[in-house]
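1. model this:
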Amino acid sequence: MDNNSLSHTKWDCICHIVFIPKYRRKIMYGELRKSIRGIIKQLCGYKGEEILSGSVGKDHIHLCVKIPPKMSVSYFMGYLKGKSALMIFDQHPQYKKKGGNRHFWQQAIMSMPWAATKNK
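-> Alright, predicted model coming up:
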């Protein structure tokens, strides 16, 4: 059975997602950047999501991810941001108190279908 099919459907749902750290601090460089890249790959692997492309900037992250239709983008991002924040704080304890109350990511995300971003 194909990975991109459910019992009665075939799917190709690709989302372009952008998210930022709390207060859009320019903190993702050096060792933290490598760590965040590895954490996101690891967490997507756990859920079986395929990262088509992605980049970690100093103050934001771009991801193009294949998400099956049975999983909402908001559920996936809640999982990704929640677990990655805990893993970042475990590996880099100096960021626990920066930004207050152990929040690493901003609440908002920007998401759009991949087809809408290819044409721009």
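2. for the rest of this, base every contact and every neighbour count on C-alpha atoms.
-> OK.
3. can you map out the strands along this protein?
-> Assigned by DSSP state E, the chain shows strands spanning 14-21, 50-56, 61-66, 105-113.
4. so what strands line up beside the first one?
-> The pairing partners recorded for strand 14-21 under DSSP bridges are strand 61-66 (antiparallel), strand 105-113 (antiparallel).
5. chain center to the last one: distance?
-> In terms of CA atoms, centre = their mean, to the nearest Å, the gap separating the centre of strand 105-113 from the centre of its chain is 9 Å.
6. put the alpha carbons of it into CSV.
-> The C-alpha coordinates for strand 105-113 follow below in CSV (Å, rounded to 0.1, in the frame of the first residue of the first chain):
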residue,chain,number,x,y,z
TRP,A,105,7.6,29.5,20.4
GLN,A,106,5.2,32.2,19.6
GLN,A,107,1.5,31.0,19.6
ALA,A,108,0.8,32.0,16.0
ILE,A,109,1.8,30.2,12.8
MET,A,110,1.4,30.9,9.1
SER,A,111,0.3,28.0,7.0
MET,A,112,-0.8,27.8,3.4
PRO,A,113,-1.1,25.1,0.8
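7. please identify the deepest-packed of the strands of the chain.
-> For these, ranked by mean neighbour count under the definition mean count of other CA atoms under 10 Å, the leader is strand 14-21 at a mean of 21.
8. next, the angle from that one to strand 50-56.
-> Angular relation of strand 14-21 and strand 50-56 on a 0 to 180 degree scale: 30 degrees, by axes from the mean of the first three to the mean of the last three CA atoms, to 10 degrees.
9. who wins for proximity to Leu43 among the strands of the chain?
-> strand 50-56 (10.6 Å; CA to CA).
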